[in-house]
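Q: Return atomic coordinates for the entry below.
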Amino acid sequence: MAGKLDTPPAQERHDLAEISIALVAGLTLAFAALYFSIQIAGYPGGSRSLAGSRDFVSYWATGRQLVLHGNPYDRDDISALETAEGLKAGGVLIMRNPPWALPLAYPLGFVGLRVAAVVWSLLLLACLLVSVRIVRQLYGDPPNRLHWIALAFTPALLCFLMGQTALFSLLGLALFLRWHSSRPFLAGAGLWLCALKPHLFLPFVTALAVWIVVSRAWKLLAGAAASLALTSAAASLIDPRVWIDYTHLLHSPAVADEFIPCLTRALRQWIDPAAAWLQYLPAALGCIWAAVYYWRRRAAWDWKTNGSLLMLVSLLTAPYCWIYDQCLVIPALLDGVYATRWRSLLTVLALAIFAIDVEMICGVRVVSLLYLWTAPAWLVWYLIARSRRIDQT
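A: From the prediction side, this is the model:
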């Protein structure tokens, strides 16, 4: 049986998988480059309408409010800034990241929207490229193009195009995987990037907390605590009322009752829209599972592989999660890509990503219920990929 795996037909399947991934990645990156070029050069109708229509405008407006010594969570003031820059009338996008993220948005307020959008986009692109590079290095820099699947991944493309912060968190996750054993303090400091979206890491953080205690990884904990303390202090210096205003934002009906296309919010909507606790129940169960999952494997724990399943479950059970937040599954997908011996499974993944890309480019709205299936789909794909590992041949 082992000999058959080395025959030319197996190599042809291998090449087909790489060719499929390369084609999808090339088309996806070409579209992203075209969009980015239009953003830089502008187009008839004004450059403001493009930059102002992206989610990024909320981060720029937040920075502008901070520079003007205003409330970064004031809906009326933020709405006025965003509408003036091209956001549709009546719409308002509020930065919902915790206050320790404000130092990231603050510098944006000193420059115009278009300049800020270009710089922000370059940062996001760098985060994606560096993250994929780091994860690939964890697997010994395989001499193939399989890692291109991460560059073609729809949530990553959406995150880049919309100017969202999940790609920063992806970089934080990649740095943790790279440095948790060799440079624990820096790995802990890098987790600040993950803390930009803490609700996406609840089961992951639960297992991490137990691991820190069992492994006595106090340097990593110190790095995480130091970065959070410094950025929180900076946020308080910029705006002394930031924590009070942020608490009011979280309890506002516009945030608490907003429908977000993810399974946990759909669960609440289907059972009892008024029961907010239903939205957090899956995350609570996920945290319990994560603690048990780690404890049973603590003797041979490996963040590169075990952390992949943790991240997939964390996104599946997150209290709220947009499609672009799912770029955080890239390390898990690459773990499955490098582990599986079922080459046709890679082709299926590439074609599925391409189909979603086409639907997105052709105008399917991100808030569509279509995207309810994506988080469980990545989990199922990963479990299948890991079940057919190369070391089983």
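Q: how far away is the closest residue to F110 other than its chain neighbours from A150?
A: Using C-beta to C-beta, 6 or more residues apart in numbering and skipping the chain neighbours, the partner closest in space to F110 is V67 (6.1 Å). Where you see a C-beta, it was placed from the backbone N, CA and C, and this is true even at glycine. Note on V67: its distance to A150, by C-beta to C-beta, to the nearest Å, is 36 Å.
Q: Have a look at those two and say which one is more surrounded.
A: Set V67 next to A150 and count neighbours by other C-beta atoms under 10 Å: A150 wins out with 25 against 15.
Q: Is the more buried one within a helix or a strand, and which one?
A: Secondary-structure assignment from DSSP states H and E places A150 in helix 148-151.
Q: list the helices and strands that helix packs on?
A: In terms of contacts (3 or more C-beta pairs under 8 Å, 6 or more residues apart in numbering; DSSP states H and E), helix 148-151 is packed against helix 8-41, helix 113-138, helix 330-339, helix 343-361.
Q: Which of the ones you listed sits closest to W270?
A: helix 343-361 (24.0 Å; C-beta to C-beta).
Q: what mean pLDDT does the helix or strand immediately after the closest one in the chain have?
A: Remark: after helix 343-361, the chain's next helix or strand is helix 374-387, criterion DSSP H and E. For helix 374-387, the mean per-residue pLDDT is 90.
Q: ditto for stretch 284-297
A: 97.
Q: for that stretch, the distance to its chain's centre please.
A: Averaging C-alpha positions (C-alpha atoms, centre = their mean, to the nearest Å) puts stretch 284-297 22 Å from its chain's average.
Q: Can you mark which positions in it are buried?
A: 286-287, 289-290, 293-294 (16 or more other C-beta atoms under 10 Å).
Q: Over to stretch 338-349?
A: 338-340, 342-343, 345-347, 349.
Q: what does the one helix or strand V292 maps to contact?
A: If you go by DSSP H and E, V292 is part of helix 277-296. Helix 277-296 is contacted by residues 199, 202-204, 206-207, 210-211, 263-265, 267-268, 271-272, 301, 306, 309-310, 313-314, 316-320 when judged by C-beta atoms under 8 Å, 6 or more residues apart in numbering.
Q: Just these: which are in helices?
A: 202-204, 206-207, 210-211, 263-265, 267-268, 271, 306, 309-310, 313-314, 316-317 (DSSP state H).
Q: residues in contact with the residue lying closest to A290 once chain neighbours are set aside?
A: Spatial nearest neighbour of A290, chain neighbours left out: P203 (3.7 Å); criterion: C-beta to C-beta, 6+ apart. By C-beta under 8 Å, 6+ apart, the contact list for P203 reads 283, 286-287, 289-290, 310, 313-314, 317.
Q: Many thanks, I have nothing further to ask.
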